[in-house]
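K.L.:
Structure, please.
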Amino acid sequence: PNDLLIHDKKVCGILTEAVPSTVVRRLIIGVGVNVNTDMSSLPKDVSDRATSLAHVIGKPVDRNELAAAIISSFHSVYVDSLSGIGFAEKRHEWLAHCSTIGRFIRVVQGSRTLEGIAVAVDDRGTLHLKTSDGATHMIISGEIVESSHFAM
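P.N.:
Below is the predicted model of the structure:
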């Protein structure tokens, strides 16, 4: 779950990729933010699922200020990680903003697709997905391509 939503519409997507290493652990992070997108110029199927910061707040957003705020936030997380503070310590805060838990989702992992209810995210950030056969699958990576407000 790496999308940021406002009013159930995507405003930001975050992609991460770990780079294996024996000495230094590395993480590549890509962030895409709909900042000043003119929503009226987009096809309806896109504008039904997405929004922009400017559209939500009703005025243009300074991209340089936004970029500085994002970099500052990433730096803060980086400093925390150097101090030994990881996802387990921040999980409760993350879950307070997570809209995936309790939803029916479809997860694509290459050629494999799983469907079910997102039931939990553990201390390592692994998504627990319960399928209709009652099995629970641990999702470490994949793309959530569909979700709905289907409470368990």
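
K.L.:
End to end on stretch 77-93, go ahead and measure it.
P.N.:
13 Å (Cα to Cα, to the nearest Å).

K.L.:
mean confidence for that stretch?
P.N.:
For stretch 77-93, the mean per-residue pLDDT is 89.

K.L.:
Just the buried positions in that stretch, please.
P.N.:
Using 16 or more other Cβ atoms under 10 Å as the test for burial, stretch 77-93 gives residue 91. (C-beta placed from N, C-alpha, C; glycine too.)

K.L.:
which outside residues touch it?
P.N.:
Applying Cβ atoms under 8 Å, 6 or more residues apart in numbering, the contact partners of stretch 77-93 are 94, 121, 123, 124, 125.

K.L.:
Give me the number of neighbouring residues for residue 14.
P.N.:
Neighbourhood size, residue 14 [other Cβ atoms under 10 Å]: 13.

K.L.:
what helices or strands is the helix or strand encompassing it leaning on?
P.N.:
Element membership for residue 14 (DSSP states H and E) is strand 9-19. Packed against strand 9-19, as judged by 3 or more Cβ pairs under 8 Å, 6 or more residues apart in numbering; DSSP states H and E, are the following elements: strand 3-6, strand 26-33.
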